[in-house]
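Visitor: Quick one, what's the 3D model for this:
(one chain, ligands or ions: 3)
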Amino acid sequence: MGIISPSKYHSFYFHVKKLLRWMFFATVPLLLFRFYFYPHPILHSHPVHISSSVSPSTIEKEDANEPPCDYTNGRWVHDTNGPLYNGTTCGTIKEGQNCIRHGRPDLGFLYWRWRPEQCKLPRFEPNTFLQLLRNKHLAFVGDSMARNQLESLLCLLATASVPKLVHRDGENNKFRRWYFESYNTSISIYWSPFLVKGVEKSKSGPDHNELYLDHLDEKWAADMDGFQVIVLSIGHWFLHPAVYYEDGHVIGCHYCPGLNHTEIGFYDVLRKAFKTTLNTVIERVKTKRNGIDVILATFSPSHFEGEWDKFGACPKTEPYGKGEKSLEGMDAEMRQIGIEAMEAAKLNSYLHELRLEALDISKLSLMRPDGHPGPYMHPNPFANGITERVQNDCVHWCLPGPVDTWNQILLEVMKRWEYESRQEEN
Ligand SMILES: *[C@@H]1O[C@H](CO)[C@@H](O)[C@H](O)[C@H]1NC(C)=O
Ligand SMILES: *[C@@H]1O[C@H](CO)[C@@H](O)[C@H](O)[C@H]1NC(C)=O
Ligand SMILES: *[C@@H]1O[C@H](CO)[C@@H](O)[C@H](O)[C@H]1NC(C)=O
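Guide: Ligands and ions are numbered 1, 2, ... in the order given. Sure, this is the predicted structure:
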């Protein structure tokens, strides 16, 4: 008859009481916690999420109320939501960055989100991203950090629409293209760690790269007319020994003992590589009048603490807190070079068809020493116990991981551009 017997009722009631008590003790700290991290609950508790069937007007409405956001400075706050995807659901994560599958035991690194100082950073919306890229080709051009960001983006987008690999070429699949049929969107990756013409670790001479600073690397530049959006991401390869050429002559080198060239470091070289790249894009847009958006991801700092093949090379399991770590030295200089290159290009161009933006991810990435694969670049590195010597990757980022935030910001940049171009039309 549906009547619960006294004993059953008792245990049920006991269960509810336990649950309520648990809820009380669980929610008090949660509220305190929320208050600590969200001092203005009215402003931040209900972020407006764009629905999956985003209409252009939704973008307009949301952005109209907010000034452009500076995503550069902020802090990492706990996020119980966790990532949009995981290593099981996404099939395009490179082995070395699939930390969970490789047995990384601490998963706390998945539960953080970037909170810019003066605004909010909405959760990634794959349908909005694809909507904005409809009938477009987005190319990532650069080194393995470009690949890291591309693979994050593919995973984020695959939660809404699964891409089809339509092209692959080169050793280690250095050139690949995916296609999202329902949006006519292409996303590709071009391996070009200097952007300019370069010979990696030339076989002929000693162990150094050769860079030709006044020539773009044709492996990507030849396809430029087919891109509507380009994400540039380079830096780490400039630290390697190299000989530099300009106008057909050696202009110097970086760490080339025995070669009798002048040591000129790599900062000016990076500057020149960006300049050659951006000037070529500007010229191309001027002559062809086809629109291109260029986004330059700033330098992504690494977090080695001591030798790279020693146990515990990047041992942190939590982000740095506010004020705990500042960007300095080489990391700061490399970032600055990217920022300045984009500012100079903006001043030089003023073309309606060319939009330029620095994706300033250096600081937010610096504050994530916990986001690297470390020893989990290889599967189950400690299956036979802890070893003193173990290879560590403290440069790239686990997926899911902090690099997902770069794409969150990329989406916000694209949304702002869309909003601005609509304003102009009106
Ligand atoms: C990954 O996501 C799938 C689908 O949401 C879920 O079933 C699975 O448990 C997740 N795996 C991990 C390791 O979180
Ligand atoms: C599909 O996208 C490409 C850019 O990748 C564009 O050139 C082409 O015009 C698009 N096709 C249609 C039918 O819009
Ligand atoms: C090194 O370069 C200088 C200037 O180009 C030249 O005078 C000198 O002979 C060179 N030394 C050697 C060992 O090649």
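Visitor: Mind listing what's buried along stretch 382-395?
Guide: 390, 392-395 (16 or more other Cβ atoms under 10 Å). For glycine as for every other residue, the C-beta is placed from the backbone atoms N, C-alpha and C.
Visitor: Quick one: mean pLDDT over that stretch.
Guide: Here stretch 382-395 scores 93 as its mean pLDDT.
Visitor: and that stretch, how far from the chain's centre?
Guide: Taking Cα atoms, centre = their mean, to the nearest Å, one finds stretch 382-395 lying 25 Å from the centre of the chain it belongs to.
Visitor: for that stretch, how far is the first residue from the last?
Guide: 20 Å (Cα to Cα, to the nearest Å).
Visitor: Please work out which residues outside it touch it.
Guide: With contact meaning Cβ atoms under 8 Å, 6 or more residues apart in numbering, stretch 382-395 is reached by 96-97, 103, 144, 236, 300, 302-305, 308-311, 313-314, 369, 372-375, 377-378, 381.
Visitor: filter those residues to the buried ones?
Guide: Applying 16+ other Cβ under 10 Å to those flags 96-97, 144, 236, 300, 302-304, 308, 311, 313-314, 369, 372-375, 377, 381 as buried.
Visitor: Now the chain against ligand 1: closest residue?
Guide: Residue of the chain nearest ligand 1, by Cβ to the nearest ligand atom: residue 86 (3.7 Å).
Visitor: SS state for that residue?
Guide: At residue 86 the chain is in coil, as set by DSSP: H, G, I helix; E, B strand; the rest coil.
Visitor: contacting residues for it?
Guide: Here residue 86 is in contact with 100, 400 (Cβ under 8 Å, 6+ apart).
Visitor: Helix or strand with the lowest mean pLDDT in the chain?
Guide: Sorting the helices and strands of the chain by mean pLDDT, DSSP states H and E puts helix 41-44 at the bottom, at a mean of 29.
Visitor: low pLDDT regions in this structure?
Guide: By pLDDT under 70, the weakly predicted segments of the chain are 1-67, 202-206.
Visitor: so where do the helices sit in it?
Guide: In the chain, the segments counted as helices under DSSP state H are 6-37, 41-44, 56-64, 126-132, 144-158, 218-221, 267-288, 329-349, 362-366, 403-425.
Visitor: now residue 367: how far from ligand 2?
Guide: As judged by Cβ to the nearest ligand atom, to the nearest Å, residue 367 and ligand 2 stand 36 Å apart.
Visitor: Could you do residue 345 as well?
Guide: Distance from residue 345 to ligand 2, by Cβ to the nearest ligand atom: 23 Å.
Visitor: Surely that residue and residue 282 touch.
Guide: Yes: applying Cβ atoms under 8 Å as the test, residue 345 and residue 282 come out as touching, 6.6 Å apart.
Visitor: Residue 330: how many residues sit nearby?
Guide: Residue 330: 13 surrounding residues under other Cβ atoms under 10 Å.
Visitor: what do you get for the one 5 residues further on?
Guide: Here the neighbour count serves as a burial measure; for residue 335 (other Cβ under 10 Å) it reads 24.
Visitor: what residues are up against it?
Guide: 298-299, 327, 360, 362-363.
Visitor: any chance of those in TSV, plus distance to residue 264 and neighbour count?
Guide: Output for the contacts of residue 335, formatted as TSV (distance: Cβ to Cβ, whole Å; neighbours: other Cβ atoms under 10 Å):
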residue	distance to residue 264	neighbour count
298	22	26
299	19	28
327	24	19
360	27	22
362	23	24
363	28	20
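Visitor: Quickly name whichever of the residues you listed is closest to residue 246.
Guide: Taking Cβ to Cβ as the measure, residue 246 sits nearest to residue 299 out of the contacts of residue 335, at 22.8 Å.
Visitor: State the distance from that closest one to residue 361.
Guide: 9 Å (Cβ to Cβ, to the nearest Å).
Visitor: Check residue 126 too.
Guide: Distance from residue 126 to residue 361, by Cβ to Cβ: 20 Å.
Visitor: likewise residue 336?
Guide: For residue 336 relative to residue 361 (Cβ to Cβ), the value is 14 Å.
Visitor: intersection of neighbour lists for those two?
Guide: Common neighbours of residue 336 and residue 361 (Cβ under 8 Å, 6+ apart) do not exist.
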